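In: below are the sequence and a predicted model for it; my questions follow.
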Amino acid sequence: LAKFEPMRSAIVFQENPVRIMALEEIPEIEMGNRTHEKMEKGKTAEVPEYFAFYLKLKGSVELLP
């Protein structure tokens, strides 16, 4: 269990792109064997679905069509 890294080993969603809009400032985050860049509030981006749903569940983003 000491070697378990949930931000790398517990990814259940895919790499499919999802558009998001930041509802707050999001810091740079390492997840899924990559570093996701910092986002400012109100900015939009296309990110992998695993990262989009992580941020959505935290209440940090809105998913866009």
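Out: Looks like it came in fine. Residues are numbered from 1 along each chain as shown.

In: so who does residue 64 touch?
Out: Contact analysis of residue 64 by CB atoms under 8 Å, 6 or more residues apart in numbering lists 19, 20, 21, 44. Any C-beta I mention is one placed from the backbone N, CA and C, and that applies to glycine too.

In: can you map out the strands along this structure?
Out: Along the chain, counting by DSSP state E, strands occupy 17-22, 29-31, 34-36, 44-48, 61-64.

In: list the buried residues of the longest one.
Out: Looking back up the chat, that one is strand 17-22. Residues 18, 20, 22 are the ones in strand 17-22 that count as buried (16 or more other CB atoms under 10 Å).

In: out of the contacts of residue 64, flag the one nearest to residue 58.
Out: Nearest to residue 58 among those, counting by CB to CB, is residue 20 at 11.7 Å.

In: which non-adjacent residue is nearest that closest one?
Out: residue 61 (4.2 Å; CB to CB, 6 or more residues apart in numbering).

In: so the one you found sits against residue 26, correct?
Out: Yes. Using CB atoms under 8 Å, residue 61 is in contact with residue 26, at 7.4 Å.

In: so the residue nearest in space to the middle of the chain versus residue 3, what's the distance?
Out: In the chain, the centroid-proximal residue (CA atoms, centre = their mean) is residue 51; its distance is 2.5 Å. As judged by CB to CB, to the nearest Å, residue 51 and residue 3 stand 22 Å apart.
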